[in-house]
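Student: Give the three-dimensional model of this entry:
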Amino acid sequence: MVFSNEKSEFYNDLTKRIRRHIVKMTNHAGSGHPGGSLSATELMSVLFFEHMNVDPNNPDWQDRDCFFLSKGHCTPVFYSVLAEKGFFPIEELMTFRDVDGRLHGHPCGEHIPGVDVSSGSLGQGLSVANGVGLIAKLDGSNRRSYCMIGDGELQEGQIWEAAMTTAHYNLDNVCAIIDWNKIQLDDFVENVKGVKNLGDKFRAFGWHVVEIDGHDINAVNDAFKEAKRTKGKPTAILAHTVKGKGVSFMEDTHEWHGMAPNDEQLEIALKELV
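Tutor: Residues are numbered from 1 along each chain as shown. Here you go, the predicted structure:
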């Protein structure tokens, strides 16, 4: 289903704001992970503003949907989406990584509303998502569990152990979102340890698979809808994305995985994100 012109304009404006937040936050901190945050912007925006059943005024609501950022270093996009959604003031984004602040480099579930679990050690998010999915089934709750995983993170064995568990228990309330930007810390994923044929791999593990352009808001929206409609098995959304999307000199390179823009680079990035 294609978004209306009004809704398309909303997401065009929202994703540009979020990308501006990302480059400004990392510039302010002098550190952080802009590349993988920029690649996940459309995925996170459509998920939280169209599909997540959450209440910023009651972030601990028992029957809320849960989101787990398994690639926990990409907090700039996570915090930006939470702030835009109303979980905390947008102005607080500029305290990112401040010693006295709560917006740490990795999300802390104890201090930040909207963060359901602390994360950062790669490979663990899907296991946590499974736990919430199992509890929801036992409780007869309609809550859903979403987990964003980096493609380099798929090199972790725990992900595949968890994937077996999700399918074994028919957790159709669990949705894995793969930010497939093809680049990890210091090189292209295929040069480090290839994760070819991802769709076939997830299907072999008993998952329903949806493969999309992760920057197409209509495709992203349809994928989340399909995940909700799919019964009896979990859904993996394989989202083809571009590392550093939206900032020309950050796109499709590992150099901006964990490096912050300086003031001159920030000025260039912000001009491109108008």
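
Student: Assumed residue 68 was part of a strand.
Tutor: Yes: assessed by DSSP: H, G, I helix; E, B strand; the rest coil, residue 68 belongs to a strand.

Student: what bridges to it?
Tutor: Note on residue 68: beta-bridge partners by DSSP bridges are residue 147.

Student: Contact partners for it?
Tutor: 116, 117, 119, 125, 126, 128, 129, 145, 146, 147, 148 (Cβ atoms under 8 Å, 6 or more residues apart in numbering). Where C-beta positions appear, they are placed from N, C-alpha and C, glycine not excepted.

Student: who's in contact with the most centrally placed residue in the chain?
Tutor: Closest residue to the average C-alpha location of the chain: residue 148 at 4.5 Å, with Cα atoms, centre = their mean. Residue 148 makes contacts with 40, 43, 44, 67, 68, 69, 70, 71, 74, 125, 177, 179, as judged by Cβ under 8 Å, 6+ apart.

Student: The third one contacts residue 77, correct?
Tutor: Yes: judged on Cβ atoms under 8 Å, residue 44 makes contact with residue 77 at a distance of 5.4 Å.

Student: which residues are common contacts for these two?
Tutor: Contact criterion Cβ under 8 Å, 6+ apart; residues shared by residue 44 and residue 77: residue 18.

Student: Correct me if wrong: residue 19 contacts residue 244.
Tutor: No: counting by Cβ under 8 Å, residue 244 is not a contact partner of residue 19; they are 9.9 Å apart.

Student: More neighbours: the two, which one.
Tutor: Ranked by neighbour count (other Cβ atoms under 10 Å), residue 19 and residue 244 place residue 244 first, with 28 against 25.

Student: Which secondary structure state does the more buried one sit in?
Tutor: Recorded secondary structure, residue 244: coil (three-state DSSP).

Student: contacting residues around the spatially closest residue to it that is not a sequence neighbour?
Tutor: Leaving aside its chain neighbours, residue 244 sits nearest to residue 250 (3.1 Å; criterion: Cβ to Cβ, 6 or more residues apart in numbering). The neighbours of residue 250, taking Cβ under 8 Å, 6+ apart as the test, are 34, 35, 38, 243, 244, 256, 261, 269.
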